[in-house]
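Participant: need coordinates for the following:
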Amino acid sequence: MDKNNEHLGLLSIFHYVVGGLSAFFALFPIMHLIIGIVFIVAPEAFESDGDAPPAFFGWFFVIFASAFIIAGFIFASMVITSGRFLSKRKHYMFCMVIAGIECLFMPFGTVLGVFTIIVLSRDSVKNMFATNKANLIT
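Facilitator: The predicted structure follows:
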């Protein structure tokens, strides 16, 4: 039982770390967002031979950069939330689903997702989550 508590505690900490890294990497497209805004607001800044680029270039940059930033922050918040749930031994299925999604994000997400799935697959850990759920109901 102590081994399971230790593993869940470590997984919780690593989820916070990977969530923070994910939020940081989600900010990388901010340069594209800035370029897109400049394309929209001041297209004459990009004139080379008298022709300004069409406005849809700017909107293309803004929409896709914003989508990637928002998706990255949503993923990061879900990973951090999963870490919180692991530390409280709540929402077993949510933690398992997020661990599966984490496996898509190499290299840190894959390692963390696989280890989380391995630990959550133990019967003793399932019982810990079930016991915690039963205690919340009563």
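
Participant: every contact and neighbour count from this point should use C-alpha atoms.
Facilitator: Will do.

Participant: hey, which helix is longest across this protein?
Facilitator: If you go by DSSP state H, the chain has its longest helix at helix 55-88.

Participant: for the following helix or strand past that one, which outside residues touch it?
Facilitator: Going down the chain from helix 55-88, the next helix or strand is helix 92-102, by DSSP states H and E. For helix 92-102, the external contacting residues (C-alpha atoms under 8 Å, 6 or more residues apart in numbering) are 78-79, 82-83, 85-86, 109-110, 112-114, 116-117, 120, 126, 129.

Participant: now with 10 Å?
Facilitator: Outside helix 92-102, the residues that touch it by C-alpha atoms under 10 Å, 6 or more residues apart in numbering are 15, 18, 75, 78-79, 81-86, 89, 108-121, 125-126, 128-130, 133.

Participant: mind checking which of those are buried?
Facilitator: With burial judged by 16 or more other C-alpha atoms under 10 Å, the buried subset of the contacts of helix 92-102 is 15, 18, 75, 78-79, 81-86, 89, 108-110, 112-113, 115-117, 119-120, 125, 128-130.

Participant: name the element Val125 belongs to?
Facilitator: Assigned by DSSP H and E, Val125 belongs to helix 123-137.

Participant: check which helices and strands that helix sits against.
Facilitator: Judged by 3 or more C-alpha pairs under 10 Å, 6 or more residues apart in numbering; DSSP states H and E, the packing partners of helix 123-137 are helix 2-26, helix 55-88, helix 92-102, helix 108-120.

Participant: residue contacts, Ser87?
Facilitator: Residues in contact with Ser87 (C-alpha under 10 Å, 6+ apart) are 5, 8-13, 81.

Participant: look up how far Glu6 lies from it.
Facilitator: Distance of Ser87 to Glu6, given as C-alpha to C-alpha, to the nearest Å: 10 Å.

Participant: need the overlap of contacts for those two.
Facilitator: By C-alpha under 10 Å, 6+ apart, the residues touching both Ser87 and Glu6 are Ser12.

Participant: related to what we said a few turns ago, got the angle for the helix holding Val125 vs helix 108-120?
Facilitator: Inter-element angle recorded for helix 123-137 and helix 108-120: 80 degrees (by axes from the mean of the first three to the mean of the last three C-alpha atoms, to 10 degrees).
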